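Colleague: This is a predicted model, with the sequence first.
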Amino acid sequence: LSIGLGIVDSALRYYPYDRGKLAEQVRVEGSRRHGAERAIRAVSLGDERSENGGESYLRGRIIELGYMSPSDLQVELPDPVDTQRTVRVDMMWSLPNGKKVIGELDGYVKYEDEEYLHGRSIVRVLVDERQRESRLTALGYPVARFLYARLDESGYVAAVLDAFGIPRIS
């Protein structure tokens, strides 16, 4: 599901697919083929708001493990310090108890690749990230951070979800 979800999310983001028509096409083309049920499930869970394959993969892992899926993706929140700005987060859960939890996927590429550094030093990127997170916590939302390199590590994703009170639904 995790890999398929990344493909579906990207297709929905970059091409004007009607989700219902795409699901029907997958059902017709995939009938009697290995993996057809997984493909149909990925289409049903696809979301064009997922910004990249890593975020889709994480969402797929969360679902595979039986946890509540994030309630919203790419959420813009007000910056409590600079009220003219917003802070966007990868995902957010609205829990049954009314609590909200932010989910962020971290990778090493934003510290190593010049394209992501945008001319800033690694130290500047780290300081900017710390400032951003302080703004999020000022809003009263805990931030569950997931490291991309560990998403397939046994028990890792579940441990983070459990630590932040994300419920299992199955």
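Modeller: Arrived safely.

Colleague: other SSEs contacting the helix or strand bottoming out on mean pLDDT in the chain?
Modeller: In the chain, no helix or strand scores lower on mean pLDDT, DSSP states H and E than helix 109-112, which sits at a mean of 76. The helices and strands touching helix 109-112, judged by 3 or more Cβ pairs under 8 Å, 6 or more residues apart in numbering; DSSP states H and E, are helix 114-117, helix 122-138. C-beta here means a position set from N, CA and C on the backbone, and glycine is covered the same way.

Colleague: Can you list the neighbours in contact with the next helix or strand after the longest one?
Modeller: Note on helix 122-138: by DSSP states H and E, the next helix or strand toward the C-terminus is strand 143-147. When contacts are taken as Cβ atoms under 8 Å, 6 or more residues apart in numbering, the neighbours of strand 143-147 outside the stretch itself are 58, 89, 101-107, 133, 136-137, 157, 160-161, 163-164, 166.

Colleague: Can you list the residue ranges for strands in the protein?
Modeller: In the chain, the strands defined using DSSP state E lie at 72-78, 86-94, 100-106, 143-147.

Colleague: a markdown table please, covering those and showing mean neighbour count.
Modeller: Putting the strands of the chain into a markdown table (neighbours: other Cβ atoms under 10 Å) gives the following:
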| stretch | mean neighbour count |
| --- | --- |
| strand 72-78 | 15 |
| strand 86-94 | 18 |
| strand 100-106 | 20 |
| strand 143-147 | 16 |
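
Colleague: can you redo those strands as CSV with distance to S121 and mean pLDDT?
Modeller: As requested, the strands of the chain are exported to CSV (distance: least, Cβ to Cβ, whole Å; pLDDT from 0 to 100):
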stretch, distance to S121, mean pLDDT
strand 72-78, 27, 97
strand 86-94, 22, 96
strand 100-106, 18, 97
strand 143-147, 22, 97
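
Colleague: thinking again about what came up before, now tabulate the helices and strands packed on helix 109-112 in JSON lines and tack on mean neighbour count.
Modeller: JSON lines is the format used below for those (neighbours: other Cβ under 10 Å):
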{"stretch": "helix 114-117", "mean neighbour count": "11"}
{"stretch": "helix 122-138", "mean neighbour count": "13"}
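
Colleague: Comparing these by mean pLDDT, which bottoms out?
Modeller: In terms of average pLDDT, helix 114-117 trails the rest of the helices and strands packed on helix 109-112, at a mean of 78.

Colleague: Against which helices or strands is that one packed?
Modeller: Helix 114-117 packs on helix 109-112, going by 3+ Cβ pairs under 8 Å, 6+ apart.
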